[in-house]
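Asks: okay, sequence plus prediction incoming.
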Amino acid sequence: MQITNLTFDEIAVGDEATYTRLITNREVEAFAAVSGDHNPLHLDPDYAATTPFGECIAHGMLTGALISAAIAMQLPGPGSVYLNQSIQFKAPVLLGDTLTVTLTVSDKHHKRPWLTLQCNVTNQEGKTVAKGEAQVAAPTAKETVTIVPPPAIQLLEDALLADSD
């Protein structure tokens, strides 16, 4: 698969892009493994049942990572550099939620090729689960790149199940 970026000169205030992803237990477990955040609120259904949420919820920064993916893959795309992010978590993300990140260009800083993006993340019901603002250095040169597929990962439980077959 190939994608092409948008350059600073091609982007206008008001431009939007979206990125959608289903959040499953596998994403939450993989995020915990990569980040080192093993809070039982995200991984232990018995523990999570005792919390105000009543069930496991996704890590807030997993939602933040989806904003990063939207910037890297959609607006501006390849060659963009994340400079800053503010984020407010408004509602829990439950396993099975489909999240849509909407990025909207709110400002262009002409002294440097920097953009300010309003970031809004909603679930499948249209409820805002996170919102914030990002500053991004936009690419100045047009490029089309081949997306390298992520490496296959196998969670320990998967490995144990495979070994028991």
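Replies: Done, it's in.

Asks: every contact and neighbour count from this point should use C-alpha atoms.
Replies: Will do.

Asks: helices of the protein, residue ranges please.
Replies: Taking DSSP state H as the criterion, the chain carries its helices at 25-35, 40-43, 45-48, 60-73, 156-164.

Asks: relative to residue 17, which of those helices is closest?
Replies: Comparison of the helices of the chain against residue 17 by C-alpha to C-alpha identifies helix 60-73 as nearest, at 7.7 Å.

Asks: ok so, going back, include distance to residue 100 when you put the helices of the chain into CSV, please.
Replies: CSV is the format used below for these (distance: least, C-alpha to C-alpha, whole Å):
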stretch, distance to residue 100
helix 25-35, 15
helix 40-43, 20
helix 45-48, 25
helix 60-73, 9
helix 156-164, 28
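
Asks: ok, which of the ones you listed comes nearest residue 18?
Replies: Nearest to residue 18 among those is helix 60-73 (6.8 Å), distances taken as C-alpha to C-alpha.

Asks: gap between residue 110 and residue 70?
Replies: Counting by C-alpha to C-alpha, to the nearest Å, the gap between residue 110 and residue 70 amounts to 23 Å.

Asks: also residue 21?
Replies: Counting by C-alpha to C-alpha - residue 21 and residue 70 are separated by 10 Å.

Asks: for residue 43, same thing?
Replies: The span separating residue 43 from residue 70 equals 26 Å under the rule C-alpha to C-alpha.

Asks: got CSV for the helices of the chain, with mean pLDDT too?
Replies: Rendered in CSV, the data for the helices of the chain read as follows (pLDDT from 0 to 100):
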stretch, mean pLDDT
helix 25-35, 94
helix 40-43, 97
helix 45-48, 98
helix 60-73, 97
helix 156-164, 56
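
Asks: now do the same contact list for residue 88.
Replies: Applying C-alpha atoms under 8 Å, 6 or more residues apart in numbering, one finds that residue 88 lies in contact with 130-132.

Asks: among those, which ones are in strands?
Replies: Among the contacts of residue 88, the residues falling in strands (DSSP state E) are 130-132.

Asks: any idea which of these is closest to residue 66?
Replies: The shortest gap between residue 66 and any of these belongs to residue 130, at 10.8 Å (C-alpha to C-alpha).
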